[in-house]
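Q: Structure for the following, please:
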Amino acid sequence: MFCSLNNQLPLDFSHIPDCTGIFFYGVIQALNCRKGWQALFMTFSIRKGYLLLMVAVIAVIAVTAGIYFSKRVAGAVEDRQVSVMSWSVAGKVITVDPGHGGIDPGSKGSSGLEEATITLAVSEKLKTVLTGAGAKVVMTRESDIDYGASDGSSLLTRKRQDLAKRLAIAEKNKADIYLSIHVNCFKSGPGEHGAQVFYQPGSEEGQKLAESIQGEMVRVLGNTTRVAKAVDYYATRNSKMPAVIVELGFISNPREEKLLSAPEYQRKQAFAIYCGLVKYFAGNATAAESIDREDVLETLMQNKGHVFEAP
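A: Take a look at the predicted model:
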């Protein structure tokens, strides 16, 4: 009688009594059977491990996709709400001040991109969407200029003259709010990023306006968690109307500088500011408030017909 153990050389039991041989044969078969079951169990365990891993990966993908699509849906709902509330800016006079210009180009990025160029581009896009909603937009500049006297005065003196003139433009047009668009810069911290809105300390309306715009910057852009902050600036301090400084991002951050130069991202920022304005005016609306329909119609007729949908 021959038998093998683990597929090794056969064992000869022919020289021992049949009953003893049968006994040993049974033991060997039991061992082989046990090892077979162990191998099967190990194979099943490995496969079970892979199966559990696959289930975990699929679950993570499903959760991530769910979060992504839920945010997209929530964002679409928010955009629709903004569209419904867009009446709140109709008839409003909004001064948009593209920061810097002329002899003062503002901060400069590593690529040579200047702050004054970015602020004007975003301001023009903001004007488009606001006039499309029936608001009257007063731009403090529409080209690369400043309002400082060219009489040999120091740069600081010219800068103060420039800022004072911009505020005077807003006051002359009886603006409801004053928005000054800027770009942040922090050379010693190139990792700093994100849009942020500033208001004058102690200004309740300025704070409400800043928080409304900041909230929409966070929602629409999706790349900043910054909050509105009270800071003492010349423009916000001397403005006779609610005023804020909107810092679009950090030009000192190479990645954000690239974003700030992209027309589509500029459009996204303009839309975020617009959404903030719509919610601010909607929150301040009263039942007795009336809209000058003729003035709104005139503003709409002056609009060049640009379509500015949610990004």
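Q: Only C-alpha atoms from now on, for both contacts and neighbour counts.
A: Will do.
Q: So what's the residue count around Leu259?
A: By other Cα atoms under 10 Å, the residues close to Leu259 number 16.
Q: contacting residues around it?
A: Counting by Cα atoms under 8 Å, 6 or more residues apart in numbering, Leu259 touches Tyr265.
Q: Which helix or which strand is home to it?
A: Per DSSP states H and E: Leu259 is located in helix 254-260.
Q: pLDDT of that helix, averaged?
A: Mean per-residue pLDDT for helix 254-260: 97.
Q: quick one: contacts for Thr157?
A: Neighbour list for Thr157: Gly148 [criterion: Cα under 8 Å, 6+ apart].
Q: Buried residues in stretch 185-197, which are they?
A: The neighbour-count check on stretch 185-197 (16 or more other Cα atoms under 10 Å) flags Cys185, Glu192, His193, Gly194, Ala195, Gln196, Val197 as buried.
Q: so which of these comes closest to Gly101?
A: When these are compared for distance to Gly101 (Cα to Cα), Cys185 wins out at 16.4 Å.
Q: Quick check: the closest one touching Leu248?
A: No: Cys185 is not in contact with Leu248 according to Cα atoms under 8 Å; the separation is 10.3 Å.
Q: Toward the C-terminus, what is the element adjacent to the helix holding Leu259?
A: Criterion used, DSSP H and E; the element after helix 254-260 is helix 263-284.
Q: residues in contact with that next one?
A: With Cα under 8 Å, 6+ apart, helix 263-284 has contacts from 79, 82, 85-89, 121-123, 125-126, 129-130, 208-209, 212-217, 219-221, 248, 259-260, 310-311.
Q: same check, this time on stretch 211-225
A: By Cα under 8 Å, 6+ apart, stretch 211-225 touches 75, 193-197, 226-228, 268-269, 272-277, 279-280.
Q: Mind doing that once more with 7 Å?
A: For stretch 211-225, contacts defined as Cα atoms under 7 Å, 6 or more residues apart in numbering pick out 194-197, 227-228, 268, 272-273, 275-277, 279-280.
Q: Out of the residues you listed, flag the one nearest to Asp146.
A: Val197 (23.1 Å).
Q: hang on, the closest one packs against Ala210?
A: Yes: using Cα atoms under 7 Å, Val197 makes contact with Ala210 at a distance of 5.5 Å.
Q: hey, what's in contact with both of the two?
A: Counting by Cα under 7 Å, 6+ apart, the common neighbours of Val197 and Ala210 are Ala228, Val244.
Q: on that earlier part again, tell me which of the buried residues of stretch 185-197 is nearest to Leu163?
A: Val197 (18.3 Å).
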